[in-house]
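Undergrad: need a 3D model of the sequence below.
(chains A and B)
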Amino acid sequence: MSVIQISEETAYQYAGRIPPELLNDLEREYFKGLAVKNDDTEASEAVIIWTLLRVDDENTPTEAEILWFRADDEPAGEELFAAFEQDIKEEQVESVSFELETLTAVEKNVLKKTGFKVAEAESRDICVTIGDMAALSFNKKDKKPPEYIMSLSDITTSQFKTGIMTSIFYGRYGIADDLPFLPMTRYDPDISSCVITDDTVNGFLLIHKTLTGEFIVELLFATEPDANINLLNMMRFSTNAAAELCEAEDKVILRRHNTASEALVHKLFPDRKGDLIMKGEKRYGN
Amino acid sequence: MEIKNILFHLMTYSWTGNPAIDRFIIYSSTVLMVVLAAILLAILLKDPHMKQRKRPEDRFMFSECILVLLLLASNLLMNIADLTDAGWPRIMYFVPLIEEILYLLTILQWMIFVDYSLYRSRDHIRRRYKHALIPVIVVAGSGIAQTVISIMTGEMTDAMIVSVYILEFCNFAVELGYILTAVILVKKYDKQNREPKFLRLEAFIIPFVLGTLFRLYDASFMALGIVLTYGSILRRDRYLDHETGFYNRDFLEYRGKYRDEKEYEGGNGILITAAGHGKEMAELLRKLKPAGALLFALGGDCFLLLSESIRGSAVKMAVMTITEAAEASEAAFTPEIRTAVRGREETAGAFAARLMGMLPEQA
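TA: Numbering: from 1, shown residues only, chains lettered A, B, ... in the order given. Take a look at the predicted model:
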């Protein structure tokens, strides 16, 4: 067995084992992948994709999140994790977590043997439809959003970059730690929206459409003054745009990645729960 | 008893009945109004910013000075009428109403000025205050109706007296509403921002309170409030580079002391040197500056972008964006950029000094 780094160039070889969205994500900063290959058959027996979090933040420890893990058998899985732990040691990662839809018995055993606590839990992601969003009380159809709320297609790349700089200077990265490196083209240009004040962007609602057709809210941010009003206006704008351009059944993923997003999602959909997934974590270092 | 009576009359625009005290009140309020009018005229005529009125704060202050000068002029007119015992022509019945409207407009304008000085956003002011004149229009309309009715009927019935008091109460409620709004705006701003402020609300509010208590001096106290508020513009102007409008070196030092007093930690600096392209770089930085960061012009085509603690990727993005914008501009130049992070044990003052030490020699 040999352990191979999955790079952007070699990612296509794993198209059968890794979801297309994650294969695409390997092009992103902080995203990495490893595979264990059978030396004889050249088939991959285990794969792992992970992302580093808060690598560049001196005030918080570096973390990693496993986004995908598959192992055909325990030896392959253990070899994979040995290489994985070597890699994260070099990055001075202090904790690793995961939230995975399913795990086979083999995969669960590998994780437990590696020292992870594994348990079933509610996902941080809430899945709703565009129809659900359109039906929310804040979305009054007769109320037009103000003219200073625009879609991404109405702003320049320079304005987009300045807006992203504002967001990250406020410490707001949304769900993407590599937000500064993501291009404007990542986001749906008609459904994503922004606030323009004094010719500059001071608020964003960035929505990414995955390869499987789901929409995921990646950043919701606005600066003062009138931050809360602008957040509401952007949500109204984007929901109306989505209702016009997409099907009512199209899925929208709302990730509860921090207390603010948790509170907002709870306010919008108090009765919704996340699906049951397998969750785990392990601490390293001190 | 005598003093209580005098104070009561002072608070209710009425004369005490004591000729000596009443004469003193008229003369002293006249002198005060003349002196403050002279100061306001000096501000309008001598301050170069007031003459050019390029900046929004200069335009605010200009219109405040004009409003208050009109208020002082109408008060002086009333005082002269009282002093000379001239009969009141019917048009004079509108003077108190005009004064009330000027008073309201001055306080409204001041509240808007407070909001502008916190966020420095013209669009925000236009959006938030597009309906701000409605209370003034309602008060003015009611006052005009009341005054016309009393002139036409030639008498003040009990109902009319009650309506006068109700209108007075509504005026005061609107004025107080504006003052409280300004206080709430500043409190909200202070919760989220850790940069020094130059505006002092008390410079306006204390004279406003005194003017409310001593009604026969209300125009003078309003003028005093505006003069003291003008002081906050002058205080901030000391720390601005007049060519670019960015902060200057003095503010870097002042900010360092302020943050040390408040024990605020953290800080990142991005030093940009654009030798020979200072003007172009300033223009680019004005467009690229992220909200919440501060821009300094340090001389010799050197600039500083200062922020609270930000992550490495934010610094990287800022450096990349500034460089790309400079290289893609008409002047097509590559600025020299250096970055610095404030150490955990380093004071803000020492960090500011270190940043200054990083400047090239010609700066």
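Undergrad: which outside residues touch stretch B:338-358?
TA: By C-beta atoms under 8 Å, 6 or more residues apart in numbering or on different chains, the residues outside stretch B:338-358 that reach it are A:58, B:249, B:252-253, B:255-260, B:264-271, B:298, B:304, B:306, B:309, B:315, B:319. C-beta here means a position set from N, CA and C on the backbone, and glycine is covered the same way.
Undergrad: list the buried residues of it.
TA: Buried residues in stretch B:338-358, counted by 16 or more other C-beta atoms under 10 Å in any protein chain shown: B:339-342, B:346-349, B:351-352, B:355-356, B:358.
Undergrad: do stretch A:211-223 as well
TA: A:215, A:216, A:217, A:218, A:219, A:220, A:221, A:222, A:223.
Undergrad: could I get the residues you listed as a markdown table with distance to residue A:175 and pLDDT?
TA: Formatted as a markdown table, the buried residues of stretch A:211-223 follow (distance: C-beta to C-beta, whole Å; pLDDT from 0 to 100):
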| residue | distance to residue A:175 | pLDDT |
| --- | --- | --- |
| A:215 | 13 | 97 |
| A:216 | 8 | 97 |
| A:217 | 8 | 97 |
| A:218 | 5 | 97 |
| A:219 | 7 | 97 |
| A:220 | 10 | 97 |
| A:221 | 12 | 95 |
| A:222 | 17 | 96 |
| A:223 | 19 | 94 |
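Undergrad: wait, which of the residues you listed is closest to chain B?
TA: residue A:223 (4.8 Å; C-beta to the nearest C-beta).
Undergrad: quick one, phi/psi of that closest one?
TA: Main-chain torsions, residue A:223, degrees, to the nearest 10: phi -90, psi 160.
Undergrad: quick one, what contacts it?
TA: So residue A:223 contacts A:166, A:170, A:202, A:203, B:291, B:292 (C-beta under 8 Å, 6+ apart).
Undergrad: which of these sit farthest apart?
TA: The largest separation in those, counting by C-beta to C-beta, is between A:203 and B:292 at 12.8 Å.
Undergrad: for residue B:282, give its distance to chain A.
TA: Distance, residue B:282 to chain A, by C-beta to the nearest C-beta, to the nearest Å: 16 Å.
Undergrad: for burial, what's the neighbour tally of that residue?
TA: Look at residue B:282: counted by other C-beta atoms under 10 Å in any protein chain shown, it has 20 neighbours.
Undergrad: could I get the contacts of residue A:223 as a markdown table with secondary structure?
TA: Below are those laid out as a markdown table (DSSP: H, G, I helix; E, B strand; the rest coil):
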| residue | secondary structure |
| --- | --- |
| A:166 | helix |
| A:170 | coil |
| A:202 | strand |
| A:203 | strand |
| B:291 | coil |
| B:292 | coil |
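Undergrad: what's the burial count for residue B:237?
TA: By other C-beta under 10 Å, neighbour count at residue B:237 equals 15.
Undergrad: isn't it right up against residue B:49?
TA: Yes. In this structure, residue B:237 is within contact of residue B:49 by C-beta atoms under 8 Å, at 7.4 Å.
Undergrad: quick revisit: the buried residues of stretch B:338-358 in helices, which ones?
TA: The helices, defined by DSSP state H, take in B:348, B:349, B:351, B:352, B:355, B:356 from those.
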